[in-house]
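Q: Just a sequence and a predicted model for now, questions to come.
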Amino acid sequence: MIKLNCDLGESFGSWEKGLDELAMQDIDQANIACGFHAGDPLVMFKTLLLAKKNKVEVGAHPGYPDLVGFGRRSIKCSAQEIESMMIYQISAIDGMAKSMDINVEYVKPHGALYNDMMADKTTRLAVMKATASYHKPLKLMIQATADYKTHQDEAKQLGLTLLAEGFADRRYDDTGRLLSRNEVGAVLNQEQMLEQVNQLKETGTITTTSGLRLPLALDSLCVHGDNIAGVEAIKAIRQILQG
């Protein structure tokens, strides 16, 4: 069965973002920010507690060091810098989780780092190496595209297991990648979201901006925690996936 995941713990200091308590009630996996693009020690702690209370799987959600841009701006980094900042962030959430008797099970990069990973092999391999070299087994969540088999082969060489991810609340382009948030219609409204999830459930496909149908085999489906329409639709999305 396809699991439901959400990016959470993305508040910082007095700045609040997302509807974490509402979202956590109906998801299977929580991708928790690790302090670079969002999140701080107290937010991380509270989000981990919330995940434990709701019996939700926990994943590390590392990004570029970009609090001002919420991790949505690419930063030119060497492969070694990407590996180091990934391990640093994973260690932060994993160390805190371990002290709370919670197991971090996977990694899902955030924002620009996720997009760069999908578009650039050097970045992707750095992300894969960081995840694979961690001191305990972790899976890597990566977007399901037409290149997924190639990505699986890359991961296999490192002894890494991938989780194929799709998006309930985002529009796809004809290459199977997410339409840029700068484009009109990139973020779906509630009706469009439920339509897309129904189509995924019934046919295993999504419809792109030009009307092309693309197949998607998924392990997990994301609804973004900062998309109010998406969070409010989580119960309905879960019912569709379980139906």
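A: Alright, I've got the coordinates.
Q: In this structure, where's the longest helix?
A: helix 79-99 (DSSP state H).
Q: The very next helix or strand once past it packs against which elements?
A: Counting by DSSP states H and E, the next helix or strand C-terminal to helix 79-99 is strand 104-107. If contacts are counted by 3 or more CB pairs under 8 Å, 6 or more residues apart in numbering; DSSP states H and E, strand 104-107 sits against strand 57-61, helix 79-99, strand 139-143. Every C-beta, even on glycine, is put in place using the N, C-alpha and C of the backbone.
Q: Using CSV, please lay out those together with mean pLDDT.
A: Shown next, in CSV, are the helices and strands packed on strand 104-107 (pLDDT from 0 to 100):
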stretch, mean pLDDT
strand 57-61, 98
helix 79-99, 98
strand 139-143, 97
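Q: Next, count neighbours for Ala30.
A: When neighbours are counted by other CB atoms under 10 Å, Ala30 registers 24.
Q: Note down every partner strand of the host helix or strand of it and its orientation.
A: Per DSSP H and E, Ala30 falls inside strand 29-33. Strand pairing for strand 29-33, determined by DSSP bridges: strand 3-8 (parallel), strand 57-61 (parallel).
Q: the inter-axis angle of the host helix or strand of Glu165 versus strand 139-143?
A: Using DSSP H and E, Glu165 falls within strand 162-167. Using axes from the mean of the first three to the mean of the last three CA atoms, to 10 degrees, the direction of strand 162-167 lies 40 degrees away from that of strand 139-143.
Q: could you say what helices and strands strand 162-167 packs with?
A: Secondary-structure packing of strand 162-167 (3+ CB pairs under 8 Å, 6+ apart): strand 139-143, helix 148-156, strand 220-222.
Q: How far away from the center of its chain is the last one?
A: Translated: strand 220-222. 8 Å (CA atoms, centre = their mean, to the nearest Å).
Q: Mind checking what helix or strand follows that strand in sequence?
A: Note on strand 220-222: by DSSP H and E, the next helix or strand toward the C-terminus is helix 228-232.
Q: I'd like the distance from that following helix to the chain centre, please.
A: Per CA atoms, centre = their mean, the centroid offset for helix 228-232 relative to its chain is 16 Å.
Q: And it, what's buried?
A: Ala229, Gly230, Val231 (16 or more other CB atoms under 10 Å).
Q: Export it to CSV, keeping only CA atoms.
A: As requested, the backbone C-alpha atoms of helix 228-232 are provided in CSV (Å, rounded to 0.1, in the frame of the first residue of the first chain):
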residue,chain,number,x,y,z
ILE,A,228,-3.2,24.4,3.9
ALA,A,229,-5.5,22.9,1.3
GLY,A,230,-3.3,19.8,1.2
VAL,A,231,-3.3,19.3,5.0
GLU,A,232,-7.0,19.8,5.1
